[in-house]
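S.K.: this one's sequence-less:
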Ligand SMILES: NC(=O)C1=CN([C@@H]2O[C@H](COP(=O)(O)OP(=O)(O)OC[C@H]3O[C@@H](n4cnc5c(N)ncnc54)[C@H](OP(=O)(O)O)[C@@H]3O)[C@@H](O)[C@H]2O)C=CC1
Ligand SMILES: CC(=O)C(=O)O
Ligand SMILES: [Mg+2]
């Protein structure tokens, strides 16, 4: 991750539409009828229902999925009292996190009011709008009264995240760090620096989990809070120590755990060195910690160190909790977020860190070997399992403690809903990944000496998806792996240019020349070609020395595709091969073809593309419902391109009389079955939701899927090659690591099917 600079951050916030979030309608709104339903007169009906029964607000409005992040700007991060307006970027940021991590909609509300009593009245008056209230960055001690009263007086969950979110996450981190250091929570000496919202609440939770109160020393801006201090507020009084010490430096001597929730740079290396053996330091002030990562780690080797930042190992930040805690609370219809729910969240988060880390998480952090230990005490914020680990635990907690108004009964369905909410639930990829893991295959990675290819190959290996064979110079690959922090032990590297591969090059050349001698490749030429990664790698697959290949391409796949045609050839029942992209969207999974290969599409090419797509969609266990898309509808335009599309549909109807395919038709009819059924009742796909889109040319297909991706409307798997004799797949070397892993996973499945049924699944 590159260092965040002021300029980058300001540009990020300013570019495009300023800020970070927007409001998007969720119902149709284009016709008069729609407007009459959305607003007057139709809107009166739900109003009257809610008047009769307020709980109906959850049925007819967005209340049940809407959070308010409310702040008065008095303790914004560690920046202090910068005011309500200046805190808005933080609150917008939280709104964004609620949305992307838990699918919760969120309004940020900055209230220009420091008087706690007035602030409480304002928030209370706003409460009917929301399903939950996340109080944020409100300073101590006012935050305690504010939260307490709002919890009592609102009938929706209210949580001050700086208090409880931080307490939950850091407690999970503490439990795991203590386990690694081999210490007992009941024995540890704890120093807390800061006596504000976060510090007080964290300390209370640690005590509930077993820390002895007499082993706690808390400090504020004036030093140690001891009994001789006068005029302490009640929270500071609660933690005042009997020990006769005054400074943080004195408190640190012999301490096992340091918890910083104060300001930057107040801890020195000497202080860390003065701590007990195997200490734990959580320096959580944001954006800059109480001691820097570099200084802390240099101070002693037996330390476990965490900060609130995302750019160092062990991030302890309430982002790991609040989206999922509110998700679980709202889904169970909880009236509050109570101690049982908080403890359930602590356990779920702590336990998740001990589970094997999936490759998507490693890949997201450019790592290959994240494993429970001193540099990984908590799950990473981009871990997609957090939602299914934490939200159900919190919802169960709500039910057990009797605050759930809408108890969940079908947990499997709830988990499914959570996954779906989140990520255009990649059910398809989950299924193929499980299949690949059951029977991993040998996959050659061409261009293994590039960052993303190498990271993908190594992650796929550690995830048990495939057995990679890396093509490239071993020294260079090793160097790169070291720089990227990738563990490549156990992975085969083949340096095809090395003398020790001379025999294999000869063997491959002979075989290639034998099959291509009448098509212009002589043996000496074939031998020359074996110095090319694509020829060599594909020959490995052709001769059974590997099961599949991911060919890294630099500028489109044209050259590599030509080589694949020469080396492994096109399946006997076709004259062309093509590629398909699988798009996971909010509306389900769509298959699109041909997205990358055939630049000139005549009738024969389009016929092959359509047959290949039909075959592949079935192969991925979907029943194809196909639309041939065009700018024309069923003959409305007579030009060559729609004519070709029409003829291909006719030929498909003849070849596969039962196949639901039709067209040519515009995309609006392909995707809107109501409109299609009304306008073209004769269509063969009447009443059906299309899942496979065949495009009349490469420009249209490529533009369509890329537009969906760029607009954030889909996640894609692909390009999936269809029609070659062997599983050779092509992807750009700078494609995202996750995309390369996904393609390698598909290649493994491809190889397994080939092994089982040959190309016999061609029909
Ligand atoms: N990583 C995470 O997830 C989270 C991190 N934080 C961080 O914790 C910090 C505090 O936040 P919050 O509790 O909301 O804020 P508050 O304003 O409620 O509390 C701040 C506390 O820090 C104390 N403090 C200020 N300067 C010093 C100093 N030099 N030495 C010791 N203590 C000092 C203040 O002391 P006094 O009482 O004397 O004024 C006060 O007790 C911030 O940096 C924030 O970013 C907060 C929430 C979550
Ligand atoms: C993370 C957070 O909430 C804070 O630093 O205030
Ligand atoms: Mg905060």
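M.R.: Cool, the structure landed. Here the structure is a predicted model, which is why all the values come from computation and not from measurement. Ligands and ions are numbered 1, 2, ... in the order given.
S.K.: can you show me the strands along the stretch 251-400 of the chain?
M.R.: Here the stretch 251-400 of the chain has its strands, by DSSP state E, counting those that start in this stretch, at 257-260, 280-283, 304-307.
S.K.: can I get the ones you listed in CSV with mean pLDDT, distance to residue 40 and mean neighbour count?
M.R.: Any C-beta I mention is one placed from the backbone N, CA and C, and that applies to glycine too. Converted to CSV, the strands of the stretch 251-400 of the chain look like this (pLDDT from 0 to 100; distance: least, Cβ to Cβ, whole Å; neighbours: other Cβ atoms under 10 Å):
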stretch, mean pLDDT, distance to residue 40, mean neighbour count
strand 257-260, 98, 55, 28
strand 280-283, 98, 55, 28
strand 304-307, 98, 53, 27
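S.K.: would you tell me which of those strands gets closest to residue 575?
M.R.: strand 304-307 (59.5 Å; Cβ to Cβ).
S.K.: ok, back up a step: compare the strands of the stretch 251-400 of the chain and report which one is nearest to residue 445.
M.R.: Using Cβ to Cβ, the nearest of these to residue 445 is strand 304-307, at 34.7 Å.
S.K.: that closest one vs ligand 2: in contact?
M.R.: No: Strand 304-307 stays clear of ligand 2 (Cβ under 6 Å from any ligand atom), getting no nearer than 10.8 Å.
S.K.: so is that strand next to ligand 1?
M.R.: No: no part of strand 304-307 sits near ligand 1 under the criterion Cβ under 6 Å from any ligand atom; the closest distance found is 7.6 Å.
S.K.: got the phi/psi numbers for residue 266?
M.R.: Here is the backbone geometry of residue 266 (degrees, to the nearest 10): phi -100, psi -10.
S.K.: relative to residue 223, how far out is it?
M.R.: Residue 266 sits 11 Å away from residue 223, going by Cβ to Cβ, to the nearest Å.
S.K.: check residue 216 too.
M.R.: 15 Å.
S.K.: ok, now residue 714?
M.R.: 56 Å.
S.K.: where does the residue of the chain found nearest ligand 2 land on pLDDT?
M.R.: As assessed by Cβ to the nearest ligand atom, ligand 2 sits closest to residue 286 within the chain, at 3.6 Å. In this model, residue 286 is scored at 93, pLDDT.
S.K.: tally of neighbours for the residue in the stretch 401-550 of the chain that ligand 1 sits nearest to?
M.R.: Nearest residue of the stretch 401-550 of the chain to ligand 1 (Cβ to the nearest ligand atom) works out as residue 422 at 21.9 Å. Close neighbours of residue 422, defined as other Cβ atoms under 10 Å, add up to 19.
S.K.: so what's residue 266 up against?
M.R.: Contact analysis of residue 266 by Cβ atoms under 8 Å, 6 or more residues apart in numbering lists 193, 248, 260, 290-291.
S.K.: of residue 714 and residue 223, which one has the most company?
M.R.: Set side by side, residue 714 and residue 223 show more neighbours around residue 714, with 21 against 15, by other Cβ under 10 Å.
S.K.: quick check: bridge partners of the more buried one?
M.R.: Beta-bridge partners for residue 714, by DSSP bridges, are residue 585.
S.K.: so it touches residue 708, yeah?
M.R.: Yes: using Cβ atoms under 8 Å, residue 714 is in contact with residue 708, at 4.2 Å.
S.K.: which neighbours do the two have in common?
M.R.: 583, 585.
S.K.: distance of the residue nearest to residue 200 when sequence neighbours are not counted from ligand 1?
M.R.: Distance criterion Cβ to Cβ, 6 or more residues apart in numbering; nearest residue to residue 200, sequence neighbours excluded, is residue 235 at 4.7 Å. Distance, residue 235 to ligand 1, by Cβ to the nearest ligand atom, to the nearest Å: 9 Å.
S.K.: now do residue 60
M.R.: Counting by Cβ to the nearest ligand atom - residue 60 and ligand 1 are separated by 36 Å.
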